[in-house]
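> 3D model of this:
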Amino acid sequence: MPDTPPMTTPPNILFILTDQHNAKVTGYNGHSHVRTPHLDRLAAAGVVCANAIAQNPICTPSRMSWLSGQYCHNHGYYGLSGPQLQGLPTILGHFRAHGYTTSAIGKIHCPAYWVEHASDVFHETCFTSIGGRSPAYAAYLEERGLTQLEDHRAFPECGARGVGANDSRPSRISFDDSQEGWIARATITFMQNATCAGQPFFAYASLPKPHSCYAPAQEFWDLYDERSLCLPPNTDYDMRLKAPHFRRSVEYWRTDKDWLLFEPRTFAAARLRKYHGYLGCISHSDHAVGQLLAYLDQAGLTDNTIVVYSSDHGEYACEHGIMEKAPGICADAVTRVPMVWRWPGHVPAGQRCNDVVETVDFTTTICAMAGVAPLETSDGHDLTPQLCGASGDPARLGVTEFPWSRSVRKGRWRLVVYAREMFPDEYPDGFGELYDVDTDPWEMHNLYFEPTHADTVTQLQRDLLLWLMATTRPVTAHDVTPDPAHPVTTAYHQSLGRDGKQNPAWFHTRNNGNYL
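Residues are numbered from 1 along each chain as shown. Next comes the predicted model:
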């Protein structure tokens, strides 16, 4: 990185990931209601990546892209949880191999044992990893008689209907006893122990909120008055040119009564109550971020710690009249995430990067910043030039993948490509979505069928095809077994990474296509 002081000791890493944070709903982005003082302070001291694209709209595949640096079509996971991976490294294990001590604390929600085996300290506070909730957090709740009151996963008083519910009320437990409070304290303890032992640390703090259930601690619920809240401007409008499954989802939220748990049990009251709870949950997680940052300040670690804040994917947050994140491929509200980088003296303060970047870039960038050898199996770009003010590639794509659809962000345009077989009755010739996010940031005007934008649609479709060809990591047709002791194994003119796949860059730049 140019014009930065030399590193005398390895920098620490604090990676904070929330779940389901709509990028618009931050104070530093000018949201009219939400209160995020600690994120605002972080943003003022670092660089905001305003157009950061998540690789997948649901938890597990997105988190895998974050921690491996691979696109979904390469790591192969599109659903939740899943069996243990063979060979694909994580950034945590990579840094541990380079002398760091590592932790993963919070909502991990990855395939079995993938993150566990890469972490010196591992605590799953939800029920989304192998073995369920961390015994340490479970014991903490049990000792205080709070097990049946903890309400991230469910509203206990609502029985089966309360599991994963999208209605909202203040939590029955305090912030300190919530998952976010416990995660912040456990992560601080880990950082303290690493510092006392003289080891650089890579701390991964994964905060479950603002994902449902929308139950912020009372003090964060009380920050907001529903009488003064204004719903997003795209809450109600003509949605005839939206995807059929999207319109069905909108209709479900408007007419189905099962999701209405609390009084008043009307759609108008419940969506405002949900919005209230969502804002409160963001402030709740923001408070945990503040505790982590305060520890770095108090311990004198701020200047030598790279802090990255983001989310696994976004959320509708009442945009388009939808209460949560599905169907997620359809909207910028879900495919774009908040992203902030801070490293005093190395990353300029108060800057904004408007280039399209992707969550896979995290692994490559953090290696470059820390002076650690790159993770060969990562597909991501090194963002350090953009973080220091350089311009990125204006033609770069930001792609969110689902098994039978893709969202493509390029400059001002966002295209959604669906398999023709998805809507054969309504659209036998195919359906798609095109938005100009500069003039239509709330995505209320689908331009896909307008003749004046046909060339843009065609170009973006071609871009997506070329991107898929250029980024795919094939398993070799030759019988080459990767050697786990080495980043690269070569035989029969083929080179494999530890994951048993070929890096497309080798084919493009070294083999000149001679062996495929």
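> for H117, what are phi and psi?
The phi and psi values for H117, taken as degrees, to the nearest 10, are phi -70, psi -10.
> to clarify, my last question referred to Y204.
Dihedral angles (degrees, to the nearest 10) for Y204: phi -110, psi 110.
> that one contacts F15, correct?
Yes. At 4.9 Å, Y204 counts as touching F15 under the criterion of Cβ atoms under 8 Å. Glycine gets a C-beta too; all of them are placed from N, C-alpha and C.
> so the two - more neighbours on which side?
Higher neighbour count among Y204 and F15: Y204, with 28 against 21, using other Cβ atoms under 10 Å.
> residue ranges with poor pLDDT in this protein?
Within the chain, the segments meeting pLDDT under 70 span 1-8, 476-483, 485-486, 489-496, 500, 502-516.
> in it, which spans are helices?
37-44, 59-68, 72-75, 91-97, 135-143, 179-196, 218-221, 244-255, 267-298, 332-335, 361-370, 384-387, 454-471, 504-506 (DSSP state H).
> contacts for the fifth one?
For helix 135-143, the surrounding residues in contact (Cβ atoms under 8 Å, 6 or more residues apart in numbering) are H123, T125, T147, E150, D177, Q179, W182, A186.
> CSV for those residues, including neighbour count and distance to D438?
Output for the contacts of helix 135-143, formatted as CSV (neighbours: other Cβ atoms under 10 Å; distance: Cβ to Cβ, whole Å):
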residue, neighbour count, distance to D438
H123, 22, 43
T125, 28, 40
T147, 14, 49
E150, 24, 43
D177, 19, 44
Q179, 27, 38
W182, 23, 42
A186, 22, 42
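> residues of stretch 246-253 that come out buried?
F246, R247, S249, V250, W253 (16 or more other Cβ atoms under 10 Å).
> need the contact list for the second one.
The neighbourhood of R247, defined by Cβ under 8 Å, 6+ apart, consists of M239.
> hmm, back to that, between the helices of the chain, which gets nearest to S103?
helix 179-196 (4.4 Å; Cβ to Cβ).
> quick check: angle from the closest one to helix 135-143?
If you take axes from the mean of the first three to the mean of the last three Cα atoms, to 10 degrees, helix 179-196 sits at 130 degrees to helix 135-143.
> would you mind giving the helices of the chain as JSON lines with distance to P170 added?
Formatted as JSON lines, those follow (distance: least, Cβ to Cβ, whole Å):
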{"stretch": "helix 37-44", "distance to P170": "20"}
{"stretch": "helix 59-68", "distance to P170": "25"}
{"stretch": "helix 72-75", "distance to P170": "36"}
{"stretch": "helix 91-97", "distance to P170": "34"}
{"stretch": "helix 135-143", "distance to P170": "18"}
{"stretch": "helix 179-196", "distance to P170": "14"}
{"stretch": "helix 218-221", "distance to P170": "4"}
{"stretch": "helix 244-255", "distance to P170": "22"}
{"stretch": "helix 267-298", "distance to P170": "7"}
{"stretch": "helix 332-335", "distance to P170": "25"}
{"stretch": "helix 361-370", "distance to P170": "34"}
{"stretch": "helix 384-387", "distance to P170": "38"}
{"stretch": "helix 454-471", "distance to P170": "44"}
{"stretch": "helix 504-506", "distance to P170": "50"}
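> of these, which is nearest W404?
So among these, helix 244-255 is nearest, using Cβ to Cβ, at 11.2 Å.
> quick one: closest of the helices of the chain to G106.
Of all these, helix 179-196 comes closest under Cβ to Cβ, at 4.5 Å.
> list the helices and strands that closest one packs on?
strand 12-19, strand 101-106, strand 121-124, helix 135-143, strand 201-210, helix 267-298 (3 or more Cβ pairs under 8 Å, 6 or more residues apart in numbering; DSSP states H and E).
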